[in-house]
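A.B. asks: any chance you can model this:
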Amino acid sequence: MSKRAPLQRAKALCALLLLPATLLLGNPAAGETGQSNLTPTVLRVSAIPDEAPTELLRKFKPLGNYLEQQLGMPVKFIPVTDYAAVVESLAAERVDLAWLGGFTFVQARIKTGNAIPLVQREQDRHFTSKFITADPAVKTLQDLKGKSFVFGSISSTSGSLMPRYFMAKDAIKPEDFFSRVAYSGAHDATAAWVQAGKADAGVLNASVWDKLVANGKVDTDKVRVLATTPPYFDYNWTVRGNLPSALTAQIKAAFLALDPAIPEHKAILELQAAERFVETAPENYQSIEAAARSVGLLR
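C.D. replies: Numbering: from 1, shown residues only. Down below sits the predicted model:
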């Protein structure tokens, strides 16, 4: 060994110590997985499929572009096939941010233990469901005894849980009261079922009903609102609980910054059927959890 070898090893060690920590330990932001509490390189967003997939994507695209600008990172929408898949995706950290109904938030909170509701639309603090029918002889809910009835998804707050809860208060158990109970899977599908005569009556969320009427997607000469539920807390945007707190705060601030006085923001808000977004908290959904337990949808 030459006398210069110790000096060369010392220089190599110094060079190694000067390397950035990310080269020694790996880049914590690498990849799209966004596992654990590391900052993801892509924000993965999903939503309960309470409307047709094409409609969900159309509504999300401008919001996704806005979030990309505000957060300085790519945003990717990940569609799912049913409500349970959103809950599973949050729990498995395959999704970072999700649009949930009140009941699916309760399920996600129980499943993950730490899902955080960030914001909701103002109307989600006093949301309602609409009972609809195309039968001119039906004047009240009691007139539906012995007829067929359609809900949305069984996990839907406004298309299943809360209508079922309020019917129970009127001593109506759907499986005993109606001749047949079915689930359409989505609010717009429920309206289509009733209009086509596939069910004598059904229930869907008030926001989707209003949009279908405004866009001429339902024939109000055939289908009409029979009754409206009392108000309850519903939808929100939720993040997985171990998302970095700084990114969580950025997402929340981005939603709260949407201003209807700014034309670009107004277009985004209109697609979300929102006048503006407001803060929300887990405590707002305690009554939803209690309702789900009372009708046996949560044990």
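
A.B. asks: which strands or helices does the helix or strand harbouring Gln286 pack on?
C.D. replies: Assigned by DSSP states H and E, Gln286 belongs to helix 286-294. Under the contact criterion of 3 or more Cβ pairs under 8 Å, 6 or more residues apart in numbering; DSSP states H and E, helix 286-294 touches helix 102-112, helix 162-169. Yep, even glycine has a C-beta here, placed from its N, CA and C like the rest.

A.B. asks: the same query, at a cut-off of 6 Å, please.
C.D. replies: helix 102-112 (3 or more Cβ pairs under 6 Å, 6 or more residues apart in numbering; DSSP states H and E).

A.B. asks: what angle sits between the helix it packs on and helix 286-294?
C.D. replies: Per axes from the mean of the first three to the mean of the last three Cα atoms, to 10 degrees, the angle that helix 102-112 makes with helix 286-294 is 80 degrees.

A.B. asks: which residue ranges of the stretch 51-200 of the chain form strands?
C.D. replies: Ranges of strands in the stretch 51-200 of the chain, per DSSP state E, counting those that start in this stretch, are 75-77, 97-100, 116-121, 129-133, 148-151, 180-183.

A.B. asks: partners of the fifth one in the sheet?
C.D. replies: It refers to strand 148-151. Strand 148-151 pairs in its sheet with strand 180-183 (parallel), strand 201-205 (parallel), by DSSP bridges.

A.B. asks: ok now the last one, how far from the chain's centre?
C.D. replies: For strand 201-205, the gap between its own C-alpha mean and the chain's C-alpha mean amounts to 19 Å (Cα atoms, centre = their mean, to the nearest Å).

A.B. asks: what's the closest non-adjacent residue to Gln250?
C.D. replies: Spatial nearest neighbour of Gln250, excluding adjacent residues (Cβ to Cβ, 6 or more residues apart in numbering): Leu71 at 5.6 Å.

A.B. asks: could you measure from that neighbour over to Val42?
C.D. replies: 10 Å (Cβ to Cβ, to the nearest Å).

A.B. asks: again with Arg94
C.D. replies: Relative to Val42, and taking Cβ to Cβ, Arg94 is found at 12 Å.

A.B. asks: which residues touch Phe77?
C.D. replies: Val45, Phe60, Gly64 (Cβ atoms under 6 Å, 6 or more residues apart in numbering).

A.B. asks: for Asp200, see how far away it is.
C.D. replies: According to Cβ to Cβ, Phe77 and Asp200 sit 36 Å apart.

A.B. asks: likewise Thr41?
C.D. replies: For Thr41, the distance to Asp200 - Cβ to Cβ - is 51 Å.

A.B. asks: tell me which of these two has more neighbours.
C.D. replies: Taking other Cβ atoms under 10 Å, Thr41 and Asp200 do not tie; Asp200 has more neighbours (22 against 14).

A.B. asks: list the contacts of the nearest residue to Asn114 once chain neighbours are set aside.
C.D. replies: The spatial neighbour of Asn114 that comes closest, neighbours along the chain excluded (Cβ to Cβ, 6+ apart), is Gly241 at 2.6 Å. Residues near Gly241 by Cβ under 6 Å, 6+ apart: Thr112, Asn114, Ala115, Ile116.

A.B. asks: could you verify that Gly241 is part of a strand?
C.D. replies: No: read with DSSP: H, G, I helix; E, B strand; the rest coil, Gly241 is coil and lies in no strand.

A.B. asks: state the pLDDT value of it.
C.D. replies: Listed pLDDT for Gly241 reads 95.

A.B. asks: let's have the chain start at 596 instead
C.D. replies: Happy to do that; since the first residue is 596 now, the last one works out to Gly836.
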